[in-house]
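Engineer: Compute the structure for the input listed below.
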Amino acid sequence: QVQVVESGGGLVQAGGSLRLSCAASGSIFSINGMGWYRQAPGKQRELVATITSGGSTKYGDSVKGRFTISRDNAKNTVYLQMSSLKPEDTAVYYCNVVVVRSDTWSAREYEYWGQGTQVTVSS
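Structural biologist: Got it, this is the predicted structure:
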């Protein structure tokens, strides 16, 4: 099985910064994609940022230039550095990982989600 655990959420004032971390563990042969999504009350879950195993990144339009995604492959960890935070960034942030498992005789990819971490930006 694979576990995904996020940390680093909290309350911050507008204009401030936060850093989220997400660590994947368990029966992992390799991690392909890693990313962050968020969901605000009454809204659909939306893409924040993703990063491939080779380091290619993609960002949602609303966070470009303010958020930076990175990963440490040795630690199976992905980070989200959030700067210039706005009240509209308030949401539950979810980590997503796409892995090839080490306990199956297959190259099939499995997708896992973390439990979510709350980020609240006050005005």
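
Engineer: Next, please give the residue ranges for the strands of the chain.
Structural biologist: 2-7, 10-13, 18-26, 28-39, 46-51, 57-59, 67-72, 77-82, 91-101, 109-113, 117-122 (DSSP state E).

Engineer: between the last one and strand 2-7, what angle do the directions make?
Structural biologist: Strand 117-122 and strand 2-7 meet at an angle of 20 degrees, taking axes from the mean of the first three to the mean of the last three C-alpha atoms, to 10 degrees as the criterion.

Engineer: Sheet-wise, list the partners of strand 117-122 with their directions.
Structural biologist: When pairing is defined by DSSP bridges, strand 117-122 lines up against strand 10-13 (parallel), strand 91-101 (antiparallel).

Engineer: Tell me the buried residues in stretch 45-58?
Structural biologist: Neighbour-count burial for stretch 45-58, counted by 16 or more other C-beta atoms under 10 Å, picks out 47-51. (Glycine included, C-beta is placed from N, CA and C.)

Engineer: Looking at those residues, which is nearest residue 15?
Structural biologist: residue 48 (18.6 Å; C-beta to C-beta).

Engineer: That closest one contacts residue 60, doesn't it?
Structural biologist: Yes: look at residue 48 against residue 60 with C-beta atoms under 8 Å: they come within range, at 5.4 Å.

Engineer: Let me see the contact set for residue 63.
Structural biologist: Shown in contact with residue 63 (C-beta atoms under 8 Å, 6 or more residues apart in numbering): 48-49, 82, 89.
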